[in-house]
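>>> next one to model:
(chains A and B)
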Amino acid sequence: NAGVMQNPRHLVRRRGQEARLRCSPMKGHSHVYWYRQLPEEGLKFMVYLQKENIIDESGMPKERFSAEFPKEGPSILRIQQVVRGDSAAYFCASSPYSNQPQHFGDGTRLSIL
Amino acid sequence: DAKTTQPPSMDCAEGRAANLPCNHSTISGNEYVYWYRQIHSQGPQYIIHGLKNNETNEMASLIITEDRKSSTLILPHATLRDTAVYYCIVRVTGANSKLTFGKGITLSVRP
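Sure, this is the predicted structure:
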């Protein structure tokens, strides 16, 4: 049973470019969560989605960041016009229902030049 | 979400039990206690969770006090691969089911 798959594992962008991070949840999981871990800091919740719907985006920066989880295909976290402060590890987690444990992927490490 | 308090670090000898404490004195009746760990450069790994009864699985045991204000994660026979940051998290379920990570406790298992 494949776990949560995130790609790419490493992504390098120049300031001002766009970054797209993909997350394929575990089979049968329709709830997806995105977290960010800045260097030397803890994980911070960003957004919670359930197939085509954003349930909670209280942790998402108001500008430049967006997330989607379409009916078909992976969940996408999109960062427009990236800045140096966006450099971090971005983790995706999934669960079959909201009251079940979340299982994490190994993250995408985003570096901004 | 209620907050948790964990010591910053601890160590134990390989093969011995590792007992990781957590205080959550303001936990609400509908909040579960979850434990995750993060091995360097990997994603967090789910370990175990419970509401009020003690729980055991193939990885660990979770002991929750009767008043639910604290808990202990027990790794019965620690190995070097158990060296990681362990997070104790209290969590409601439903629409507000995000995980709020603190700083966790760094467990170092020594040979």
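>>> next, count neighbours for the nearest residue to residue A:113 once chain neighbours are set aside.
Among residues not flanking residue A:113 along the chain, residue A:14 sits closest, at 5.0 Å (Cβ to Cβ, 6 or more residues apart in numbering or on different chains). Backbone N, C-alpha and C define where each C-beta goes, glycine included. Residue A:14: 8 surrounding residues under other Cβ atoms under 10 Å in any protein chain shown.
>>> quick check: residue A:14 touching residue A:112?
Yes - with contacts counted by Cβ atoms under 8 Å, residue A:14 reaches residue A:112, the gap being 7.3 Å.
>>> where does the residue nearest to residue A:113 fall, phi/psi-wise?
phi -90, psi 150 (degrees, to the nearest 10).
>>> for the chain, give me the ranges with low pLDDT.
Since you didn't name a chain, this refers to chain A. Applying pLDDT under 70 to chain A flags the ranges A:1.
>>> can you look at chain B instead?
For chain B, the stretches with pLDDT under 70 are B:1-2, B:94-96.
>>> okay, which residue is most central for chain A?
Closest to where the C-alpha atoms of chain A average out (Cα atoms, centre = their mean) is residue A:34, at 3.9 Å.
>>> can you tell me the element the closest residue to that one other than its chain neighbours falls in?
Closest residue to residue A:34 apart from its sequence neighbours, by Cβ to Cβ, 6+ apart: residue A:46 at 4.4 Å. Following DSSP states H and E, one finds residue A:46 within strand A:43-50.
>>> quick one: the strands in chain A?
A:5-7, A:10-13, A:19-24, A:31-37, A:43-50, A:53-56, A:65-68, A:75-79, A:88-95, A:103-104, A:108-112 (DSSP state E).
>>> residues from chain B in reach of chain A?
B:34, B:38, B:42-46, B:49, B:93-104 (Cβ under 8 Å from any Cβ of the partner chain).
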